[in-house]
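K.L.:
fold the following for me, if possible:
(one chain, ligands or ions: 1)
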Amino acid sequence: MKIALGADHGGFDLKRAIHKYLEEKGHSVLNLGTDSTQPADYPDFAERVASAVARKEAERGIMVCGSGVGACIAANKVPGARAAVCHDTFSARQGVEDDDMNVLCLGARVIGPQLALDILESWLKARFSDQERHRRRLSKVLAIEGKYLRASN
Ligand code: RB5
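P.N.:
As a prediction, the model looks like this:
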């Protein structure tokens, strides 16, 4: 799978571990920075990751910041992105199966690297279930997005 990967300074170390893990598992990684622990603003990287997914330059995205929260808020401002902070494997799996989550946000100051990789594994294995009730709910989510996009144009 082609995966866009980004982080701010708080997420840099975990991003590096994730990058290595993804490559070892045979995934193709689109590294969108940051590439050091120098202070960097999470919205800049969250936008890159989310827009790469929205433009289909990557199938999914991963964004790491200190808590995962700022990155998630920023990523969800990009139409087409469906980002969520997941710090457990159930949410990571079900978020894809039921909600078609396409950007995983992680908080490097909340979870350790091993749990992050377990979460990642569950998220990577999961596929949207395509069940009628989930398609219906997703289309309602997309309708909300469309309504406010039209209102702002
Ligand atoms: C940066 O210090 C920190 O605010 C950021 O990494 C993230 O936790 C925001 O949600």
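
K.L.:
how about the residues of the chain by the ligand?
P.N.:
8, 10, 42, 65, 66, 67, 69, 70 (Cβ under 6 Å from any ligand atom). (Each C-beta comes from the backbone N, C-alpha and C, glycine too.)

K.L.:
mark which of the residues you listed are buried, thanks.
P.N.:
If you count burial by 16 or more other Cβ atoms under 10 Å, the buried members of these come out as 8, 10, 42, 65, 66, 67, 70.

K.L.:
what about those, which are in strands?
P.N.:
Per DSSP state E, strands hold the following members of those: residue 65.

K.L.:
just curious, which of the buried ones among the residues of the chain next to the ligand is nearest to residue 125?
P.N.:
residue 65 (24.1 Å; Cβ to Cβ).

K.L.:
quick check: which element contains residue 23?
P.N.:
Here residue 23 sits within helix 12-24, counting by DSSP states H and E.

K.L.:
how about that helix: buried residues?
P.N.:
12, 14, 15, 16, 17, 18, 19, 21, 22.

K.L.:
the fifth one is in contact with residue 112, isn't it?
P.N.:
By that I understand residue 17. No: checked against Cβ atoms under 8 Å, the pair residue 17 and residue 112 is beyond contact range at 10.1 Å.

K.L.:
re the thing from before, what lines up beside the helix or strand following the helix holding residue 23 in the sheet?
P.N.:
With elements assigned by DSSP H and E, the helix or strand that comes after helix 12-24 is strand 28-31. Its sheet considered, strand 28-31 pairs with strand 2-7 (parallel) by DSSP bridges.
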